[in-house]
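In: Generate a structure from the sequence data that follows.
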Amino acid sequence: MGNYQGMMTIVSRKELVKDVYEMVLEGDAASFIQAPGQFINIKINDSLQPYLRRPMSICDYDQHHIKMIFKVVGEGTKILSEKKIGDQLDCLTGLGNGFVDLECQKAVVIGGGLGVPPMYKLAKDLVEKGVKVTAVLGFNSQNDVFYKEEFEKLCPTYIATMDGSLGTKGTVLDALKENQIEFDKYYTCGPEKMLDALVMAYPHNGYLSFEARMGCGFGACMGCSCQVKTKPYKRICVEGPVLHSSEVIVNG
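Out: Take a look at the predicted model:
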């Protein structure tokens with residue numbers, strides 16, 4: 001169906017943990033989301049500042065609603081967090097290529113920090129297809145953990161925290177090994193170091209959603225280009241954000 005620009009209305013807004021917000025938008029633009037892992041690009045203000053739209057990952061969606069989770073990290077997200085129910089936002093939807101290969105018997109969805117939200121809708125879709133799903137969610141500490149209960153309602157869920165305050169002490173990779181989680185395919189989103197570690201440990205049968213700084217969100221500015229094995233580069237906003245593990249070049 002392609003991209004779509006339209007106004008969406010804020011119908012729900014709440015703080016999940018410190019500086020992390022869940023927001024639900026309502027509008028026809030939601031119907032242009034076709035797969036978990038796609039993203040939405042939001043114009044924060046009518047004024048010139050901030051100038052660039054902000055890309056946001058999508059936690060869940062239906063034909064009329066988009067649920068997103070974001071963290072306040074700068075001016076744009078601070079302004080967004082202060083929006084009120086009933087406010088309208090200019091949104092670009094249907095952006096990027098999401099997780100479309102859901103054919104497997106056993107899958108693990110792996111989210112790290114703000115990479116957790118897109119894993120939720122993916123887990124829902126996998127469960128609906130009859131796939132045996134396990135979730136592994138990684139955070140810095142128990143104070144940062146969100147959506148644990150929501151995932152537990154869908155599938156067995158394991159938590160990893162770097163300080164060991166909840167679940168496995170260490171990374172999502174440590175949690176995978178400690179709990180001896182078996183899978184045919186893995187799907188993941190999170191910090192690049194986490195994704196690199198997963199590709200090194202599991203070079204096959206993985207789909208990884210990469211976070212990148214995006215200027216336009218639809219491939220015109222080339223600002224989010226990255227090198228891959230299959231071609232000179234891919235634009236994360238168009239050919240990504242989801243890449244197969246076989247084409248990922250590990251940095252460092």
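In: Please parse this structure into its domains.
Out: The chain breaks down into these domains under automatic domain parsing: 4-95, 106-247.
In: Could you check how far the shortest one is from the centre of its chain?
Out: In this case it means domain 4-95. Here domain 4-95 is found 13 Å from its chain centre; the criterion is Cα atoms, centre = their mean, to the nearest Å.
In: can you give me the mean pLDDT across it?
Out: If you average the pLDDT over domain 4-95, you get 90.
In: end to end, how far does it reach?
Out: With Cα to Cα, to the nearest Å as the measure, domain 4-95 spans 9 Å from end to end.
In: any idea which helix is longest in the chain?
Out: Identified as the longest helix of the chain according to DSSP state H is helix 117-128.
In: buried stuff in it?
Out: Neighbour-count burial for helix 117-128 flags 117-126 (criterion: 16 or more other Cβ atoms under 10 Å). In short, each C-beta sits where N, CA and C put it, glycine included.
In: Now that we have these, can you turn them into CSV and tack on distance to residue 184 and pLDDT?
Out: Shown next, in CSV, are the buried residues of helix 117-128 (distance: Cβ to Cβ, whole Å; pLDDT from 0 to 100):
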residue, distance to residue 184, pLDDT
117, 24, 96
118, 20, 94
119, 17, 97
120, 20, 98
121, 20, 97
122, 15, 97
123, 15, 98
124, 19, 98
125, 16, 98
126, 11, 98
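In: Tell me the one among those nearest to residue 39.
Out: Looking at those and their distance to residue 39, the nearest is residue 118, at 8.0 Å (Cβ to Cβ).
In: excluding its backbone neighbours, what's nearest the closest one?
Out: Closest residue to residue 118 apart from its sequence neighbours, by Cβ to Cβ, 6 or more residues apart in numbering: residue 57 at 4.7 Å.
In: so that neighbour is in which element?
Out: Residue 57 belongs to strand 54-61 when assigned by DSSP states H and E.
In: still on that earlier bit, the residue nearest to residue 118 touches residue 114, doesn't it?
Out: Yes. If you go by Cβ atoms under 8 Å, residue 57 and residue 114 touch, sitting 7.2 Å apart.
In: joint contacts of these two?
Out: Shared contacts of residue 57 and residue 114 (Cβ atoms under 8 Å, 6 or more residues apart in numbering): 69-70.
In: With neighbour numbers in mind, choose between these two.
Out: residue 57 (26 against 20; other Cβ atoms under 10 Å).
In: What separation do you get for the more buried one and residue 76?
Out: 15 Å (Cβ to Cβ, to the nearest Å).
In: Mean neighbour count, the domains of the chain: which tops it?
Out: For those, the largest average neighbour count (mean count of other Cβ atoms under 10 Å) is found in domain 106-247, namely a mean of 19.
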